[in-house]
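> here is a sequence together with a model predicted from it:
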Number of protein chains: 2
Amino acid sequence: MPSAPTTRRPKTLKQRYLAPTVDLSAVIMAATPDEPRVLAVRVDQLEGLPSGPLQSQHRTLEMGLRTWVAEQTQLTLGYVEQLYTFGDRDRTEADVPGTGHALSIAYLALVREARPAGLVHAAWRNWYNYLPWEDWREGRPQALKVIEPALEAWARSGGKALRTFREERIELTFGFESGTWTDERVLERYELLFEAGLVAEAFRDAQPSGSAKMRFAPGQWMALDHRRILATAIGRLRGKIKYRPVIFELMPASFTLLDLQKTVEALSGVRLHKQNFRRLIEMQGLVEETGEISAETGGRPARLVRFRREVLVERPAPGVRLPRLR
Amino acid sequence: MPSAPTTRRPKTLKQRYLAPTVDLSAVIMAATPDEPRVLAVRVDQLEGLPSGPLQSQHRTLEMGLRTWVAEQTQLTLGYVEQLYTFGDRDRTEADVPGTGHALSIAYLALVREARPAGLVHAAWRNWYNYLPWEDWREGRPQALKVIEPALEAWARSGGKALRTFREERIELTFGFESGTWTDERVLERYELLFEAGLVAEAFRDAQPSGSAKMRFAPGQWMALDHRRILATAIGRLRGKIKYRPVIFELMPASFTLLDLQKTVEALSGVRLHKQNFRRLIEMQGLVEETGEISAETGGRPARLVRFRREVLVERPAPGVRLPRLR
DNA sequence: CACATTAATACTCATACTGAGCATTACTGA
DNA sequence: TCAGTAATGCTCAGTATGAGTATTAATGTG
């Protein structure tokens, strides 16, 4: 009986074996009530994410990541979660023919203090510098004025079947017709823009093809495929805050309900109904009063609250959808 | 200004650079209304998941995976999604000191036909052979009779603080006290059992320590850390069916509502309320009638239905929780 | 110092969604 | 014809949600 290949290094490959390189990269996020932030470092003249190669002495991948981040930015990470492993050839200029794959294992990390950081040039940046179309807090983002017609042109540029397919995908991710904006579909939107050639990263060697000089979607680009990683992280975070109390990883020890709401709004990029937001938070027992009162509200002073850890044990996870029996 | 390490291979490391090996592994799932299945192959005398090393000629990771699976099992995968990258040293016996990391990028794949498969010895197996405590369809699983006291003993074996911490975690994942079973927490439960030394995989070199001969939790074990990967996949799938119509990747072209319900039950491991399940499915417009009728129901014949693709465009994603404004 | 401003808080209300059941209908097999 | 097994229809009460209106407590201003 032939046996399946195992995890051991293959000995008798036909092709010459080219070892892959493995990078660990971190999307480190923080937030104020006004601004969602990501830590950016300088990579090859561009902004990028803190990252470093996986080394044999790293006991776990996560520890490797923490080590790199500490070294590069002086930050000690709290909440860390693996995001995705990127490694397709032909997606970044780091892919040199005749070498192995350049893998990048991306992590999402949430930190509280927004103190800038250390060893390499690093700075906190507003997410929406990179993905301006994702911020709907002040209404429909300006960026869409360029994006919508450009995507439509892209859809029209294909054959009939292709066109319908593309239009459907555009509608699904951007919801131009129906007006349905799904905050979590950040990656899908970015990928669509990438495929449509609307982000600079799509042209690593070649220039934008065609005679009609194409305009990119607004938004600063990043090194390698870091903007894609950022989009993945934002989408994940936006989804997660809905069913796990992760926002509190970004909040100070005590805060007002409006602070909390504003922060959630900053992350999700949409405005929320104030009274109902409070009702939801309170009913779920997510917070408890500290007894103190904040004066700096501008209006009536607000109670300060803190996260109630107990909910973790109490509720399974808000947002389960199956109609249970018994 | 010092510049951050980039994705290029490091040239001047203090340590000798030991290239990691990278495996692609697949959790391939199928389901009948009675049984959720996973495709298992033989790995080192044990059952394991189909997998193979990433090779430089694979254009994308996913294509590499598909190639391996096709070669080993003759299956052509449809729906494929990346799960997680495992690579901690000291988790599997594949970690040999003096070598690089043994990474394993795991994928979840869903297929329709349950026809067994090809080149290597491969067979469809019931999930619950490996994780019997996850199946609550016939009431509280027997397996918990062994697990509950063992976990409690484990909690008690620590100091006071450790004990509380462990008890809380046990409650959170298994919900013995409150009776709250959260179907998606499959990985958390497996990891807990692993840490408590209740699964065989936890002892790759050493024998179970201590004089009191420990009993393992029921359930067949798998090669390397494949059972962990399986747990990850099940958890992901259980979560996903609640907000994306992925069950249909596992269903035949047409089916009855009871078939659908039974399949969902098989995957999630719990029983559902029939009338309400139907109401939910129909209200969401997830299916449409084919016009045909199935006779083999045993009772009154049932309408056959098929998946309505249009919902993908219509609804953003059932299960959004933010209180929107306007 | 009364008043406009700015928020925090309290409530209300109609509608939608859910969990549990009861009732009826349509086949098959003995 | 009756028992067994499901498919389908419908009801009902309890919750949750989306949208507002109303009230309260500070601050800064002429």
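Done, it's in. Keep in mind that what you see is a predicted model, and the values were worked out from it rather than measured.
> residue of the stretch 1-150 of chain A with the smallest distance to DNA strand D?
The nearest approach of the stretch 1-150 of chain A to DNA strand D comes at residue A:136, 14.7 Å away (C-beta to the nearest atom of the strand). To be clear about C-beta, it is placed using only N, CA and C from the backbone, and glycine gets the same treatment.
> could you find the closest non-adjacent residue to residue A:134?
residue A:269 (5.1 Å; C-beta to C-beta, 6 or more residues apart in numbering or on different chains).
> got phi/psi on the residue of the stretch 1-150 of chain A closest to DNA strand D?
Note on residue A:136: its backbone torsions stand at phi -100, psi 10 [degrees, to the nearest 10].
> which residue ranges make up the domains of chain A?
A:21-129, A:134-228, A:247-314 (automatic domain parsing).
> could you dump these into CSV and include mean neighbour count and mean pLDDT?
Converted to CSV, these look like this (neighbours: other C-beta atoms under 10 Å in any protein chain shown; pLDDT from 0 to 100):
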stretch, mean neighbour count, mean pLDDT
domain A:21-129, 20, 87
domain A:134-228, 17, 88
domain A:247-314, 16, 88
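> out of the ones you listed, the one nearest residue B:18 is which?
Closest to residue B:18 of the domains of chain A, according to C-beta to C-beta: domain A:21-129, at 4.1 Å.
> how long is that closest one end to end?
End-to-end span of domain A:21-129 (C-alpha to C-alpha, to the nearest Å): 30 Å.
> cool, stretch A:197-216 as well?
8 Å.
> show me the contacts for residue A:255.
A:304, A:305, A:306 (C-beta atoms under 8 Å, 6 or more residues apart in numbering or on different chains).
> next one: residue A:31
A:37, A:250, A:263, A:266, A:267.
> go with 10 Å
For residue A:31, the contact set (C-beta atoms under 10 Å, 6 or more residues apart in numbering or on different chains) comprises A:37-38, A:110-112, A:114, A:124, A:127, A:237, A:247, A:249-251, A:262-264, A:266-267.
> how near is it to chain B?
16 Å (C-beta to the nearest C-beta, to the nearest Å).
> contact partners for the nearest residue to that residue once chain neighbours are set aside?
Leaving aside its chain neighbours, residue A:31 sits nearest to residue A:250 (4.6 Å; criterion: C-beta to C-beta, 6+ apart). For residue A:250, the contact set (C-beta under 10 Å, 6+ apart) comprises A:29-32, A:36-37, A:78-79, A:110-112, A:114, A:237, A:241, A:260, A:263-264, A:266-267.
> so of those, which ones are in strands?
A:29, A:30, A:31, A:36, A:37, A:79, A:110 (DSSP state E).
> distance to residue B:70 for those residues - can I get that in JSON lines?
Below are these laid out as JSON lines (distance: C-beta to C-beta, whole Å):
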{"residue": "A:29", "distance to residue B:70": "39"}
{"residue": "A:30", "distance to residue B:70": "45"}
{"residue": "A:31", "distance to residue B:70": "45"}
{"residue": "A:36", "distance to residue B:70": "42"}
{"residue": "A:37", "distance to residue B:70": "44"}
{"residue": "A:79", "distance to residue B:70": "39"}
{"residue": "A:110", "distance to residue B:70": "40"}
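> what's the closest of the residues you listed to residue B:88?
residue A:79 (18.3 Å).
> I figured the closest one hits residue A:30, correct?
No - using C-beta atoms under 10 Å, residue A:79 is not in contact with residue A:30, being 11.4 Å away.
> what is in contact with the two at once?
Joint contacts of residue A:79 and residue A:30 (C-beta under 10 Å, 6+ apart) are A:109, A:110, A:111, A:112, A:249, A:250.
> just checking, the second one touches residue A:29?
Read that as residue A:110. Yes - in this structure, residue A:110 is within contact of residue A:29 by C-beta under 10 Å, at 5.5 Å.
> which residues do these two both contact?
A:79, A:237, A:249, A:250.
> helices - which of the residues you listed land there?
residue A:237 (DSSP state H).
> mind putting the shared contacts of residue A:110 and residue A:29 into CSV with distance to residue B:57?
Output for those, formatted as CSV (distance: C-beta to C-beta, whole Å):
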residue, distance to residue B:57
A:79, 38
A:237, 35
A:249, 41
A:250, 43
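> many thanks, I have nothing further to ask.
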